[in-house]
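J.: I need the structure of the sequence given here:
(one chain, ligands or ions: 1)
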Amino acid sequence: MAKSCKLQASESMDHGPSGKLQAIIWPDSFDIKDYESMKVKDAIKITGSMTRTKKMPGLSYSLPAWECITGKKLRAVKGSVCSGCYALKGNYTRYPAIKAAQYYRLASLMEPSWIPAMVAQVKRQKWFRWHDAGDIQSAKHLTNIFEVCKQTPSTKHWLPTREARFLSLMDPAIVPANLIIRLSGHMVDGKNATWWPWTSSVSTKTKTCPAKDQGNRCLDCRACWSRNISNVVYPKH
Ligand code: SF4
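T.: Numbers count the residues shown, from 1 in each chain. Below you'll find the predicted structure:
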């Protein structure tokens, strides 16, 4: 590992001004080739493990929903999509190991080799879903995700988020071509944002996601990953 990485790591171990964890600032000298031989089992020790669900066609990744910046506020809002958040109940609370693993991943955002360790695990996946629980923690966290996407060009990435703050100052053109960021609507049956090209919403009246009709599986649907589909509507559970 390059010495400059270690320096950056020690510099970035603090919480940011907002009190939120700030992801590592990756050094300019970063070269993925230095890490090509990283084994998946070693990568998992750095980032924590991924999830393979029956529903999705590839691996998923989760962070603790307790730490969602916007979600934390929305949970108190009646009628919001976060008010009955699935990631704060069921298996997420029944099994302490799941919560512990999510917090391990959260802490790993500060690891100097987070990007290559994620690349080592994701690069053989055709489809990858970021944040089936949890959300973006900082602008640097998002740009580090961009770097993982750039270094895994054969993988299609889908990143749902409620953190408009990190997208509002960004030109969608800088999003890597193999990544779609869907901005999720805040309210059930609410309006979608019009300033970002890809969104998702939750409705009590309609749906475009077919999973419910096909055993809660995506099967051959890849709508969430498609830039040709501007909005995906999920049914309210
Ligand atoms: S819209 Fe398609 S890809 Fe997205 S969750 Fe539903 S079934 Fe899966």
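J.: measure the nearest residue to Ser62 once chain neighbours are set aside to Tyr35 for me?
T.: Nearest non-adjacent residue to Ser62, counting by CB to CB, 6 or more residues apart in numbering: Ala133, 4.0 Å away. For glycine as for every other residue, the C-beta is placed from the backbone atoms N, C-alpha and C. The span separating Ala133 from Tyr35 equals 27 Å under the rule CB to CB, to the nearest Å.
J.: without its sequence neighbours, what residue ends up closest to Gly120?
T.: To be clear, residue 120 is Ala; Gly isn't right here. Of all residues not flanking Ala120 in the chain, Ala43 sits nearest, at 3.9 Å (CB to CB, 6+ apart).
J.: and the strands in this structure?
T.: 51-52, 59-62, 127-133, 156-161, 179-184, 199-203, 231-235 (DSSP state E).
J.: keeping just the C-alphas, turn the fifth one into PDB.
T.: It stands for strand 179-184. Extracted in PDB, the C-alpha atoms of strand 179-184 (Å, rounded to 0.1, in the frame of the first residue of the first chain):
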ATOM      1  CA  LEU A 179     -23.900   4.000 -12.700                       C
ATOM      2  CA  ILE A 180     -27.400   5.200 -12.400                       C
ATOM      3  CA  ILE A 181     -28.300   7.300  -9.300                       C
ATOM      4  CA  ARG A 182     -32.000   7.300  -8.600                       C
ATOM      5  CA  LEU A 183     -33.200  10.100  -6.400                       C
ATOM      6  CA  SER A 184     -36.000   8.600  -4.200                       C
END
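J.: pLDDT score assigned to Glu36?
T.: For Glu36, the pLDDT comes out at 81.
J.: now do Ile98
T.: For Ile98, the predicted pLDDT is 89.
J.: what's the answer for Pro27, then?
T.: Note for Pro27: predicted pLDDT of 52.
J.: what do you get for Lys89?
T.: Lys89 is assigned a pLDDT of 74 by the prediction.
J.: quick check: closest non-adjacent residue to Thr51.
T.: Nearest to Thr51 is Ser60, by CB to CB, 6+ apart, at 4.6 Å.
J.: how much space separates Lys54 from Arg217?
T.: Lys54 is 6 Å from Arg217, by CB to CB.
J.: comparing the two, which residue is more hemmed in?
T.: Shown here are Lys54 and Arg217; by other CB atoms under 10 Å, Arg217 has more neighbours (16 against 8).
J.: got the strands of the chain as TSV, with mean neighbour count columns?
T.: Putting the strands of the chain into TSV (neighbours: other CB atoms under 10 Å) gives the following:
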stretch	mean neighbour count
strand 51-52	12
strand 59-62	20
strand 127-133	22
strand 156-161	22
strand 179-184	22
strand 199-203	21
strand 231-235	18
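J.: now tabulate the ones you listed in a markdown table and tack on distance to Asn91 and mean pLDDT.
T.: Formatted as a markdown table, those follow (distance: least, CB to CB, whole Å; pLDDT from 0 to 100):
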| stretch | distance to Asn91 | mean pLDDT |
| --- | --- | --- |
| strand 51-52 | 11 | 92 |
| strand 59-62 | 11 | 96 |
| strand 127-133 | 10 | 96 |
| strand 156-161 | 19 | 98 |
| strand 179-184 | 21 | 98 |
| strand 199-203 | 21 | 97 |
| strand 231-235 | 19 | 97 |
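J.: select the helix or strand of this structure having the lowest average pLDDT value.
T.: helix 3-11 (a mean of 29; mean pLDDT, DSSP states H and E).
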